[in-house]
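S.K.: No letters, just coordinates:
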Ligand SMILES: NC(=O)C1=CN([C@@H]2O[C@H](COP(=O)(O)OP(=O)(O)OC[C@H]3O[C@@H](n4cnc5c(N)ncnc54)[C@H](OP(=O)(O)O)[C@@H]3O)[C@@H](O)[C@H]2O)C=CC1
Ligand SMILES: O=C(O)[C@H](O)COP(=O)(O)O
């Protein structure tokens with residue numbers, strides 16, 4: 001069932017994460033698992049439906065209802081998960097609140113030790129987690145494995161960074177403000193927020209889950225995770241690594257169910273102290289409904305690639321192909337529009353077209369470059385954008401439009417105009433529009449007129465022009481001579497306008513997961529340092 005690596009199973013992480021000595025261990029020691037199937041046996045019910053996670057245990061929902069997950073490649077049900085009830089969600093927040101109080105008293109180095117155990121377990125179980133990604137979200141096999149390994153690296157890095165960042169506070173003296181003698185010392189520290197609600201999207205169900213979980217836990221918070229429905233079973237396999245590492249019961253829960261059904265109940269729950277969300281416009285409605293809680297929102301993007309007249313066109317073409325078509329364009333940081341100087345447009349389009357023709361199209365198991373998009377409705381939406389461009393006269397550079405089921409052959413569209421939907425909307429699919437522009441100013445103006453402001457990139461050999469264009473682009477990040485990308489994962493990652501609130505990246509996520517606490521020591525006498 002698990003393939004050849006099954007026999008390579010080694011036991012890691014059999015000792016639990018120790019809590020502070022004054023705190024009771026809420027759950028027995030993490031058990032030893034002798035085989036891979038033993039490791040995963042508790043996550044699935046005898047009915048074949050995957051369980052949800054509450055208070056340190058995998059459980060079946062009292063709803064008696066299941067949610068089906070459709071394999072985008074076969075369009076058949078590949079897994080089923082529990083449809084959690086409101087009562088079960090209430091229990092998650094109740095247990096999280098209690099567990100968080102104890103976890104906040106656990107020394108930082110012990111929290112870090114626990115996260116390192118989780119990372120080791122994730123590396124050990126990378127293949128079964130990746131196999132779920134292939135089935136649930138049709139991510140190419142190699143990229144699926146990379147996502148899991150990248151996630152383990154992210155957890156380790158967060159543990160290390162958390163030790164340094166969370167271990168540091170501030171001491172302020174009162175006499176720097178006019179009229180004050182030095183008789184007050186202000187000790188500034190970082191304290192946890194409480195219970196963090198983490199909601200990742202389908203395109204990185206593992207990586208964008210741990211990018212929320214690891215900083216939240218390291219900073220002393222509890223977490224309720226609502227995985228995307230497509231990707232929920234990968235999330236369940238991943239969460240078992242946290243369970244096996246011996247995380248205290250209640251500290252982390254996993255609620256499955258359709259976002260449209262349990263989403264509002266989760267996001268408007270009085271037990272939520274922070275929402276960390278990645279996804280589409282759903283995030284905008286969540287931010288309108290959420291109460292007085294900090295929000296970390298990473299939403300959609302329409303990342304432009306500006307190619308100047310002096311650019312290295314071969315380099316630009318290489319990045320445009322990778323940026324536009326990896327994971328079939330289903331990345332928030334995908335290149336979603338090329339704005340090229342008219343004088344070099346023919347040459348650039350020719351080079352990009354050559355690369356696009358070489359992309360392999362097929363199934364994720366075969367590691368094809370272009371694989372089926374996540375759902376039929378997504379494929380229909382992408383098709384609608386392409387047909388709109390066709391009707392309005394866009395040029396199909398690499399041949400006519402072709403689709404089988406959810407599989408869409410890569411589409412390169414030249415001479416796109418501003419009245420076409422593809423000039424503004426995010427396809428989240430393997431289609432790349434090109435607009436020819438007469439100046440960098442025109443390109444920047446188009447970029448800034450978008451409702452999105454996630455990332456963008458510029459190709460030029462002139463560093464002064466690159467900086468000037470970057471300064472003018474109203475996006476969270478501008479890449480010079482490379483396609484947009486979130487990674488490396490410790491770089492700040494943020495969107496302007498409808499692309500988000502707050503910032504990610506390991507240090508920034510740690511800082512989103514704490515609040516500032518001041519303790520002011522009022523001295524009887526002024527106290528100055530030795531002169
Ligand atoms: N800026 C960034 O970093 C990224 C942005 N994105 C954006 O995400 C979109 C594609 O991802 P997709 O997963 O389809 O996005 P969605 O916004 O549809 O879903 C994201 C998550 O929200 C959940 N959800 C759905 N409805 C609600 C609700 N009412 N309340 C709470 N949660 C809810 C989903 O659960 P369920 O699956 O059960 O519906 C899923 O877990 C694209 O627009 C893309 O640009 C994607 C990745 C990264
Ligand atoms: O969800 C996304 O699409 C990502 O946050 C993009 O990540 P990447 O640039 O590392 O692919």
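M.R.: Sure, I can see it. This one's a predicted model, so the numbers in the text were calculated from it and none came from an experiment. Ligands and ions are numbered 1, 2, ... in the order given.
S.K.: So which residue is dead centre in the chain?
M.R.: Centroid-nearest residue in the chain, with C-alpha atoms, centre = their mean: residue 208, separated by 2.6 Å.
S.K.: quick one: that one and residue 202 touch, right?
M.R.: No: applying C-beta atoms under 8 Å as the test, residue 208 and residue 202 come out as separate, 9.5 Å apart. Every residue, glycine included, has its C-beta placed from N, CA and C.
S.K.: just to revisit the earlier point, which SS state does the residue nearest to the centre of the chain fall under?
M.R.: For residue 208, the assignment made with DSSP: H, G, I helix; E, B strand; the rest coil gives helix.
S.K.: contacting residues around it?
M.R.: Contact partners of residue 208, counting by C-beta atoms under 8 Å, 6 or more residues apart in numbering, are 200, 201, 278, 298.
S.K.: out of those residues, which are inside strands?
M.R.: In strands, defined here by DSSP state E, the members of the contacts of residue 208 are 278, 298.
S.K.: With pLDDT, neighbour count and distance to ligand 1 added, can I get the contacts of residue 208 in JSON lines?
M.R.: Shown next, in JSON lines, are the contacts of residue 208 (pLDDT from 0 to 100; neighbours: other C-beta atoms under 10 Å; distance: C-beta to the nearest ligand atom, whole Å):
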{"residue": "200", "pLDDT": "98", "neighbour count": "26", "distance to ligand 1": "6"}
{"residue": "201", "pLDDT": "98", "neighbour count": "27", "distance to ligand 1": "3"}
{"residue": "278", "pLDDT": "98", "neighbour count": "24", "distance to ligand 1": "5"}
{"residue": "298", "pLDDT": "97", "neighbour count": "28", "distance to ligand 1": "3"}
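S.K.: Of the contacts of residue 208, which is the nearest to residue 466?
M.R.: Nearest to residue 466 among the contacts of residue 208 is residue 298, at 25.2 Å by C-beta to C-beta.
S.K.: Check the gap between the residue nearest to that closest one when sequence neighbours are not counted and ligand 2 for me.
M.R.: Spatial nearest neighbour of residue 298, excluding adjacent residues (C-beta to C-beta, 6 or more residues apart in numbering): residue 278 at 4.3 Å. From residue 278 across to ligand 2, the span is 6 Å (C-beta to the nearest ligand atom, to the nearest Å).
S.K.: For residue 278, give me its contacts.
M.R.: Residues in contact with residue 278 (C-beta under 8 Å, 6+ apart) are 199, 200, 201, 204, 208, 212, 297, 298, 299, 332.
S.K.: any idea whether the last one is helix, strand or coil?
M.R.: When the structure is reduced to helix, strand and coil (three-state DSSP), residue 332 reads as coil.
S.K.: ok, it - how many residues close by?
M.R.: Using other C-beta atoms under 10 Å, residue 332 has 29 neighbouring residues.
S.K.: so it touches residue 452, yeah?
M.R.: No: using C-beta under 8 Å as the test, residue 332 is too far from residue 452 to be in contact (9.2 Å).
S.K.: Please enumerate the shared neighbours of those two.
M.R.: Both residue 332 and residue 452 are in contact with 299, 300, 301, 499, where contact means C-beta under 8 Å, 6+ apart.
S.K.: filter these down to the ones close to ligand 1.
M.R.: With the criterion set as C-beta under 6 Å from any ligand atom, the members of the shared contacts of residue 332 and residue 452 near ligand 1 are 299, 300, 301.
S.K.: Helix, strand, or coil at the residue nearest to residue 170 when sequence neighbours are not counted?
M.R.: Closest residue to residue 170 apart from its sequence neighbours, by C-beta to C-beta, 6+ apart: residue 188 at 3.9 Å. Following three-state DSSP, we place residue 188 in the strand state.
S.K.: hang on, isn't residue 188 packed against residue 516?
M.R.: Yes: taking contacts as C-beta under 8 Å, residue 188 lies within contact range of residue 516: 6.1 Å.
S.K.: following whichever strand or helix holds residue 338, which helix or strand shows up next?
M.R.: Assessed by DSSP states H and E, residue 338 sits inside strand 335-341. Counting by DSSP H and E, the next helix or strand C-terminal to strand 335-341 is helix 342-357.
S.K.: for the contacts of residue 278, which one is nearest residue 101?
M.R.: Using C-beta to C-beta, the contacts of residue 278 come closest to residue 101 at residue 212, 20.7 Å.
S.K.: I'd like to know how many residues surround the closest one.
M.R.: Using other C-beta under 10 Å, the number of residues around residue 212 comes to 27.
S.K.: Next: residue 101.
M.R.: Neighbour count of residue 101, defined by other C-beta under 10 Å: 14.
S.K.: Need phi/psi at it.
M.R.: Per-residue torsions, residue 101: phi -60, psi -40 (degrees, to the nearest 10).
S.K.: Please name the residues that touch it.
M.R.: For residue 101, no contacting residues are found, by C-beta under 8 Å, 6+ apart.
S.K.: same question, residue 478
M.R.: Contact partners of residue 478, counting by C-beta under 8 Å, 6+ apart, are 455, 456, 457, 458, 469, 470.
S.K.: Now narrow the residues you listed to whatever sits close to ligand 2.
M.R.: The overlap between the contacts of residue 478 and the neighbours of ligand 2 (C-beta under 6 Å from any ligand atom) is empty.
S.K.: My guess is residue 376 contacts residue 382. True?
M.R.: No: with contact defined as C-beta under 8 Å, residue 376 does not count as touching residue 382 (10.8 Å).
S.K.: quick one, which of these two is more surrounded?
M.R.: Neighbours were counted for residue 376 and for residue 382 using other C-beta under 10 Å; residue 382 has more, 25 against 14.
S.K.: how about the nearest residue to the more buried one, chain neighbours excluded?
M.R.: residue 429 (3.6 Å).
S.K.: Ok, residue 409 next?
M.R.: Using C-beta to C-beta, 6+ apart, the nearest residue to residue 409 is residue 402, at 4.2 Å.
S.K.: Quick one: neighbours of the one you found, just the number.
M.R.: When counting by other C-beta under 10 Å, one arrives at 11 neighbours for residue 402.
S.K.: how about it, phi and psi?
M.R.: Note on residue 402: its backbone torsions stand at phi -140, psi 140 [degrees, to the nearest 10].
S.K.: Which positions within stretch 302-318 qualify as buried?
M.R.: By neighbour count on 16 or more other C-beta atoms under 10 Å, the buried set for stretch 302-318 is 302-309, 311, 313, 316-318.
S.K.: when you check ligand 2, which of the contacts of residue 278 turn up near it?
M.R.: Near ligand 2, taking C-beta under 6 Å from any ligand atom as the test, the members of those found are 204, 208, 332.
S.K.: got a pLDDT number for residue 133?
M.R.: Note on residue 133: pLDDT of 98.
S.K.: Show the model's pLDDT score for residue 432.
M.R.: 98.
S.K.: same check, this time on residue 65
M.R.: Value for residue 65, per-residue pLDDT: 98.
S.K.: Quick check, it in contact with residue 84.
M.R.: No: between residue 65 and residue 84 there is no contact under C-beta under 8 Å: 9.3 Å.
S.K.: possible to save the ones next to ligand 1 among the shared contacts of residue 332 and residue 452 as CSV with pLDDT and neighbour count?
M.R.: Output for those, formatted as CSV (pLDDT from 0 to 100; neighbours: other C-beta atoms under 10 Å):
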residue, pLDDT, neighbour count
299, 98, 25
300, 97, 23
301, 98, 26
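S.K.: Relative to ligand 1, which of those is nearest.
M.R.: Taking C-beta to the nearest ligand atom as the measure, ligand 1 lies nearest residue 300 of those, at 3.5 Å.
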